[in-house]
Structures are given as C-alpha cells and as structure tokens.
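Compute the structure for the input listed below.
(one chain, ligands or ions: 2)
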Amino acid sequence: MENSDLINQIVKKEFNLPAELLSQDAITNAYYNYDKISSIAKWIEERIHFKPRIGIICGSGLSDIAYLIADKQEIQYADIPEFPRSTVHGHKGVFAYGNLNNLPVICMQGRFHPYEGYSTALCTLPLKVLKLLGVKLVIITNAAGGLNPSLSVGDLMLIKDHFSLPLLSMQNPLVGHNDERFGPRFVPVSNIYDKKLRALMHKCGKELNLDLKEGVYGTISGPSYETVTDSLFYLKNGADCVGMSTSHEATVACYCGLKVVALSIITDKVAIEYDAEDGSDHNEIVKIAKLKAKDAEKLVSYFITQLGMDSRWLE
Ligand SMILES: O=P(O)(O)O[C@@H]1C[C@H](O)[C@@H](CO)O1
Ligand code: HPA
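Ligands and ions are numbered 1, 2, ... in the order given. Take a look at the predicted model:
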C-alpha cells in the first residue's frame, strides 16, 4: 500500500474525512498514535537495555553536553523505524545514553524544528518516546538571540516562561487526536518551567559562581530570523530572547507529565533598532554556542548531581 493511502486510511478511521481537510498536526497525531509511539519506544528499549530517568535536548551547537556521560553509548535516529531525521547544522541526529553523575540519562544530540518541514506534533514526538522509556524530567537547551538589552552574547538564561505566536495560532503539537494515556485534552501550562526546579538551578548557578540570568523565551517559527518590528513586538510583550524551538517541546513534556527545566545560551544580539546591522547567522550562532557551552555543561552536570540527592525530583 502507498504511504499516502495508509495515512488516508488511518485518518478516515479517526475522523471519517479525507486527510486533505485536516491540519498537519492532526494528521501527525492520528498517524503517530499511542500504539505506534509505543512500538518506537519498545524498539529503542530492546536495543539500549537501559531505563533513563532524565532526558536532555541539546540545542544548536550544544551537543557536547552528551560528553558528560561517563559510559556513553549511542543510537542513530536514522536507524529507528519511522523516526524523523535531523537536517540542521549543529544537530547530529543521535540519542546518547548512559550514566551522568550516577543518574541514567538519555540525551538528544539533535532536535526537530518546524521550519525543517516537520509539524510541531512531529517535532515533539521524541518527548512522548522519552516518556514511555521512563524519563521523568527533561532539561531542554537552545541557542537564542538576546532581545533584552541587559543580555549579552554568551549569557546563560534560565527560561521562566515562553511567549509563542506559533503555539497561539494553531501550530500547537496537541492539536487533533488525544490519547489520555499520554495526557489530558486541555493542559494547564502556567507552571510549565517548574518553579522549584528553577530555584534549584539558581542555587546551582550560585554555587558554581555563574551569572545565571532568568527570562522569557519568545518563539518564532523560522527559518527566517525576526524583523526589527517582530523583535520589538516580542520585547514589548515580555520576551527577553528569541528562538525557534523549545516552547512546543516544553508544552508536550508538560502534557505528558514530565518536569521541565530549560536553558538558553544567548548567541547573538537581535536588532531592535531599524538602522542596526543584522548579525544573525546560523554558522556564527553554532560557533558561539560551542565556544560558550562550557558553562552550560558545568551547570547541567552540577544540577544533575543535585537531582540525585533527593529522589523526589525524579518521581
Ligand atoms: O535548536 P535551537 O533552538 O538551539 O536552534 C536555534 C534556533 C534555530 O534552529 C537556529 C537559528 O540559527 O538556532
Ligand atoms: O536571533 C535569533 N533568532 C531566532 N533564533 C535564534 N537562535 C539563535 N539566535 C536566534
């Protein structure tokens, strides 16, 4: 059977309508239903023989976080049946797993972005897989452009909330079929970036003598960067930085009952004046993220040690 026939058959069963009438997220969520995602998780489980408790998503240029894993092993996304592929420079397309400071960790060296052509539901498929593998908490990282003039290139910013026009305007990964085994139809997201975990992260930052900032992550769909007017709009509405990922991932993690903590590395200053030079360049962003990643790695490593000191964090 042709793939398009199969998709039409699945969608027809669920909605009794042709796929052409539905949004991409609805089609993705009908196709990647609980059973399909369970079989992906089972495929991985059978190969890794390992039960991770912490998931880490590495942002652009931040994949070296995985080298913190002492006995690191890998599984390529490309080998996993029906799993998407990473297509962006700075995103390897590998699950790295093993123990990090004695806690079982699985690290995504590579994420999926809506601008690659994936629906937000497909971009967040890995979060559902992580949930089924046994993960309780995810640490999400990203490279972001600084909007707030108080942020400098190289700063680390703990995310306290997000403001996402794509999520507010139907690029929401939870659109369409809902399976209560993952989470509820309507999801409260006002404490998505867990307050207690943020306090723990700040404590870690202090003890490591790091100047950890805190702020709001603004999301655009990309791949074009923001215009000056876009940036001013986000800044005036409370965003401190801007990026192209994280908010849909955090939404699905929260929906699945995973605890979320998220960090941005500020890799460039976004133009907020009409005659300013536009410095946004992806190769430069990856270069800066790699150069400045050491502090993020130190912080994540110490944070995981702290999580290990109280079993309630990973319940
Ligand atoms: O995957 P992240 O969010 O770290 O990557 C950022 C946002 C875009 O994907 C890209 C823009 O340069 O870097
Ligand atoms: O300036 C930016 N804009 C959007 N996404 C980004 N990711 C890193 N820097 C940026």
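
Look through the stretch 51-200 of the chain and state the residue closest to ligand 2.
Residue of the stretch 51-200 of the chain nearest ligand 2, by CB to the nearest ligand atom: Gly145 (2.1 Å). Bear in mind the C-beta positions are built from the backbone N, C-alpha and C, glycine included.

how far away is that residue from Ser152?
12 Å (CB to CB, to the nearest Å).

Return the residues of the stretch 201-315 of the chain in contact with ligand 1.
Within the stretch 201-315 of the chain, the positions near ligand 1 by CB under 6 Å from any ligand atom are Gly222, Gly243, Met244, Ser245, His282, Ile285.

mind checking the SS state of the fourth one?
So the one you mean is Ser245. Secondary structure assignment for Ser245 (DSSP: H, G, I helix; E, B strand; the rest coil): coil.

Can you get me a residue count around it?
Per other CB atoms under 10 Å, the neighbour tally for Ser245 reads 28.

shift numbering so it begins at 45
With the count now opening at 45, the last piece we talked about shows up as Ser289.

Next up, the contacts around the nearest residue in space to it that is not next to it in sequence.
Using CB to CB, 6 or more residues apart in numbering and skipping residues adjacent in sequence, the residue nearest Ser289 is Asn186, 5.2 Å away. Contacts here follow CB atoms under 8 Å, 6 or more residues apart in numbering; on that basis Asn186 touches Gly103, Ser104, Leu106, Tyr261, Gly287, Ser289, Thr290, Ala306, Leu307, Ser308, Ile309.

quick one: which helix or strand includes the first one?
For Gly103, there is no enclosing helix or strand under DSSP states H and E.

how many neighbours does it have?
Gly103, neighbours per other CB under 10 Å, totals 29.

Would you mind confirming that it is in contact with Lys336?
No: in this structure Gly103 lies outside contact range of Lys336 using CB atoms under 8 Å: 11.5 Å.

between those two, what contacts are shared?
Ile309.

in the stretch 195-344 of the chain, which spans are strands?
Under the criterion DSSP state E, counting those that start in this stretch, the stretch 195-344 of the chain contains strands at 200-208, 256-263, 285-287, 303-313.

With mean pLDDT, mean neighbour count and distance to Ile113 as extra columns, can I get these in JSON lines?
Listed next are those as JSON lines, based on pLDDT from 0 to 100; neighbours: other CB atoms under 10 Å; distance: least, CB to CB, whole Å:
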{"stretch": "strand 200-208", "mean pLDDT": "98", "mean neighbour count": "21", "distance to Ile113": "21"}
{"stretch": "strand 256-263", "mean pLDDT": "98", "mean neighbour count": "23", "distance to Ile113": "23"}
{"stretch": "strand 285-287", "mean pLDDT": "98", "mean neighbour count": "27", "distance to Ile113": "25"}
{"stretch": "strand 303-313", "mean pLDDT": "97", "mean neighbour count": "25", "distance to Ile113": "18"}
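
okay, these in CSV with distance to Leu181 next?
Output for the strands of the stretch 195-344 of the chain, formatted as CSV (distance: least, CB to CB, whole Å):
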stretch, distance to Leu181
strand 200-208, 15
strand 256-263, 18
strand 285-287, 21
strand 303-313, 4
